[in-house]
Each structure stands twice: as structure tokens, then as C-alpha cells.
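>>> coords please:
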Amino acid sequence: MMVKAKVFIYNKEFDGLPKEGDLIIKEEDLPPLKDGEYLAEAVYLSVDPYMRAYAPSIPLGSVYIGSQIAKILESKNSDYPVGRYVVGYFGWRSHTVHDGRTPEAPANFPAPFLIPDLGDVPLSYFLSILGMPGNTAYFGFLEICQPKKGETVVVSGAAGAVGNIVGQIAKIKGCKVIGIAGSEEKGKWLVDELGFDHFINYKTDDLDETLSQVAPKGVDCYFDNVGGETTATVIQHMNEYGRISLCGSVSSYNKKDRSVRIPLFLLVAKQIKAEGFLFYRWVDRSLEGVQQNLKWLQEGKLKYRETVTEGFGNTFKAFVEMLEGKNVGKAVVKV
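Purely as a prediction, here's the structure:
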């Protein structure tokens, strides 16, 4: 039987915030399975900030990048049995024929893996707290910032897929945690439910003034998801020997002019370590991060929230809303 797949094609280069027509949906006929291949049907699609950052390197006419959870419908590969669920970087497509070995773009992303049966743990968590965002938070914060009990930690993009996990891990490690986000609803969630000590609304509060009030002894660790003026301001409040984990720069992804005056002299004067990273640096240890986050989740030390959009055809809408900061926690599309 011939299977038709719906795919989002990168049709036109983004100019600022992605617009209707930049991506278009097409149908394609999938070939019959060869030995070693399997057919998977998308169940959940992920939308993440990195997808906008990678856009300039994506060839026009190709399937738009992204990870998904898919159910295996047919298989000629014993490692990928029918009925199991798989996490793969298949892009924004409804059906995929895959050989289980070669990851799709972006390069260096891990090969598809089967989801273990964890009972009542939602499948979608393997795109979030038990997937790439969870490992990004776990390794990116602990390995680079190396927080110590009693230190003050600031997290920008604190209500997003990665930031909220970072803040909760910092609390587990005995730190004082300040979250920066863009709405009072997000701030209430961070403080009342997740246990952050303070919340700063970057849209309505004076970040410089408020940091002086809530972190009078300065900032020891900064986990940066947004870059831009926020980062320039936080650096001014960093203590000597502070550590900055550079995870993302979502504030500039839709801007042509990304120049911001970062006070680099303060990095020297305060002997601050600032290090960028990509999550696959620790891909060989990914199971460690998943197992620890799962343990904390089961112990009630980590809480999680998702913003779920229904329907494959609404993936682009979910992507744009995520870039506009409308999601709380991880943004996923239920196909």
C-alpha cells in the first residue's frame, strides 16, 4: 500500500518573525520499505527556538527540521518493532521511512531511539523534560555553571522548555533562584508552583533596578536563553568568578541587526567564565540526564508543564507563537 506523507517545506527565507507562506505543506508518496527500514507515523512534533536559529542553513525546498515522537506502523528492522514509539529528528512530516541509523539535519543530532515503557509518564515528555530540553538543562547548567549551595542563580527565558527545568535543578542544589520571563502568569507559575525565589517581568520591570533589590549580594550563575540587552544587564550584576552558561539567544533570532553592547570588560574584571554549548556535547551521557530528571520527576522535585497545540496543520502556528513567547513550558504539537 502506498503511504502519503504530509510535509512542511521551507519555501521562503524568513525575514524577521516567520510568516504564512514561508513554509508550505505538500504531500509526497513514500516508497515501499527496504530491508532495515521502518515506517513511522508522527504522534507529537516538537517546536523549539533552535529551529529558527538554524533557518539560514536550511536549503529552500527541504523538509523543515525538528524532532518528533512517532509510532512504528511497519518494519523491516528488528531494532524498531511495530507498535513501539520512537523519538527521531525526522523533521516536520506526518510519516517517515527511516533506516534507524542516519540522523536527519541538523548534523550531530542523535540517531532515533525507542521510548521505554514508563507507565503513566506522558509520551510527549520524551520531547521535553526526558528529552533534548531536559538534557540541555541538566548538562548545560550543572557542567558549565557548577552551582554551589547558597549561590544566587539567574535564569532568562525561565518559563520556557529549558529554563524552568534549570531553575528547579538550581533549587534542588540549594541555590537562590531568580527567573526572568515576560508575563505575570508565567511569573506566578515559576514562584508559586516551581519554587523560584523571585520573578522579574522583563517587559514591565526595570531589570537593572529589580536585580539590585532581589540579588543584593550579586549573581553567581547565569543561565542565558535569550541574549541581547537582558544578558548585558545581568552581567553587570555578576560576582567575581561568576559562571555564565550560554544556551540560546532567542531575543535576536528574528532580528537582522543582532548587535548588542555586551560589557566584555566586566568578564575580564570580574574573572567571569562564559561558555556556550550545544546539547549533543554530552550525547554519550544522555541516559544519565534522562534517568536523573526522571528520578526527580517521580520524587516530585521536578514539575513540568506543556503547551499543546492540536493538529499537524497547526505546527507553523505553534512555532510562531513559541517564538513570540506565548508558550508556558515546552511547546509541542499533538498530531
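
>>> Quick check: Val332 is in a helix.
No. Judged by DSSP: H, G, I helix; E, B strand; the rest coil, Val332 forms no part of a helix; its state is strand.

>>> how about low-confidence regions in the stretch 1-150 of the chain?
Applying pLDDT under 70 to the stretch 1-150 of the chain flags residues 1, 102-109.

>>> let me redo that: the stretch 201-335 of the chain
Using pLDDT under 70, the stretch 201-335 of the chain drops low at 256-259.

>>> quick one: the residue nearest the centre of the chain from Lys270, how far?
In the chain, the centroid-proximal residue (Cα atoms, centre = their mean) is Pro133; its distance is 4.3 Å. Noted for Pro133: a distance of 30 Å to Lys270, by Cβ to Cβ, to the nearest Å. Using the backbone N, CA and C atoms, a C-beta is placed for each residue, glycine as well.

>>> sorry, back to before: does the residue nearest to the centre of the chain touch Lys330 like I think?
Yes. In this structure, Pro133 is within contact of Lys330 by Cβ atoms under 8 Å, at 6.0 Å.

>>> shared neighbours of those two, anything?
127, 161 (Cβ atoms under 8 Å, 6 or more residues apart in numbering).

>>> the helices in the stretch 1-150 of the chain, which residues?
Ranges of helices within the stretch 1-150 of the chain are 50-53, 132-145, based on DSSP state H, counting those that start in this stretch.

>>> Please apply the same query to the stretch 151-300 of the chain.
Counting by DSSP H, counting those that start in this stretch, the helices of the stretch 151-300 of the chain are 163-172, 184-188, 207-214, 228-235, 264-269, 286-298.

>>> For Pro110, find the nearest of those.
Proximity to Pro110 (Cβ to Cβ) singles out helix 286-298 among those, at 6.9 Å.

>>> Setting the sequence-adjacent residues aside, check what's closest to the residue nearest to the centre of the chain.
Ala161 (4.1 Å; Cβ to Cβ, 6 or more residues apart in numbering).

>>> ok, Val320 - contacts?
Taking Cβ under 8 Å, 6+ apart as the test, what Val320 contacts is 17-18.

>>> secondary structure class for it?
Strictly by three-state DSSP, Val320 counts as helix.

>>> List the contacts of the residue nearest to the centre of the chain.
48, 127, 161-162, 165, 330.

>>> again, 7 Å this time
161-162, 165, 330 (Cβ atoms under 7 Å, 6 or more residues apart in numbering).

>>> I am finished for the moment; much appreciated.
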